[in-house]
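Enquirer: show me how the following folds:
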Amino acid sequence: MLGEKLGHRLDSVLSATAQLLFGKNIHPHFLTFCGLIINVASAFSLARGFWVAGGCLILAAGLFDLFDGAVARSFNKASKFGSFLDSVVDRYSDTVLLIGIIWYYGNRQEQGLVLLACVVLMGSILIPYSRAKAEIYLEQCNIGIMERAERTVLLAIGSIFDVMVVVLWILAILTHVTVLQRIHHTWKKMRRLDEHASNR
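Expert: Residues are numbered from 1 along each chain as shown. All right, here's what the predicted structure looks like:
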């Protein structure tokens, strides 16, 4: 939702900022891996209970995630491999953050919250997976109320304001709602394609 609304409107500002910070020859892959490293640092912070630091690092990593796409598009460095790599690294980032949260609650013997975070992890993995599988057959399947930008912002809010349990409940429900939205969207589109093919 957030990504869809913003589109590429901020590309010029973001790419100029990235150049100012890292130089004119900055490569998108460098920014992608910087984001991953920051997310790993955030996961360690969350695992140790340093919630505010973890949340701030989540936001910093999210900024790098914006930088890499903007730089790639603005300076004609976008490629199919770059898109693939960015998607894979995003999955590592999503997973490592939730592992940090699971580790924290596990150390506190809060098994219910460990299970809740695992449900969120499952939904977070299934959202991009359902899109990738759908787009084998459809041109696009980027619908849903809980895409990556929303998940990132919510995790940062949960960490900084110490409302992680509330955020986990929201994510546990809405990530799976998003998967169901994509399943329903794909079913409708494929049914229409099948009907069109049978009427030819």
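Enquirer: per-residue confidence at the spatially most central residue of the chain?
Expert: The chain has R148 as the residue nearest its centroid, 2.9 Å off, counting by Cα atoms, centre = their mean. R148 is assigned 93 on the pLDDT scale.
Enquirer: which residues touch it?
Expert: Taking Cβ atoms under 8 Å, 6 or more residues apart in numbering, we find R148 in contact with G3, D90, D94, I127, P128. Backbone N, C-alpha and C define where each C-beta goes, glycine included.
Enquirer: run a quick neighbour tally on N25.
Expert: 8 (other Cβ atoms under 10 Å).
Enquirer: and it, helix, strand or coil?
Expert: At N25 the chain is in coil, as set by DSSP: H, G, I helix; E, B strand; the rest coil.
Enquirer: residue contacts, it?
Expert: With Cβ under 8 Å, 6+ apart, N25 has no contacts at all.
Enquirer: look up how far G82 lies from it.
Expert: According to Cβ to Cβ, to the nearest Å, N25 stands 16 Å off from G82.
Enquirer: where's D65, which helix or strand?
Expert: For D65, the enclosing helix or strand under DSSP states H and E is helix 51-74.
Enquirer: what about H196, which SS state?
Expert: helix.
Enquirer: doesn't T32 make contact with D68?
Expert: Yes. At 4.6 Å, D68 and T32 qualify as touching, with contact defined as Cβ atoms under 8 Å.
Enquirer: higher neighbour count, these two?
Expert: Set D68 next to T32 and count neighbours by other Cβ under 10 Å: D68 wins out with 26 against 23.
Enquirer: got a pLDDT number for that one?
Expert: Listed pLDDT for D68 reads 85.
Enquirer: how about it, nearest residue that isn't a chain neighbour?
Expert: Nearest residue to D68, sequence neighbours excluded (Cβ to Cβ, 6 or more residues apart in numbering): L31, at 3.9 Å.
Enquirer: and V179, how far from G158?
Expert: Remark: distance between V179 and G158 (Cβ to Cβ) = 21 Å.
Enquirer: please tell me how far the closest residue to M190 other than its chain neighbours sits from R191.
Expert: Nearest residue to M190, sequence neighbours excluded (Cβ to Cβ, 6+ apart): Y137, at 6.0 Å. Using Cβ to Cβ, Y137 is found at 11 Å from R191.
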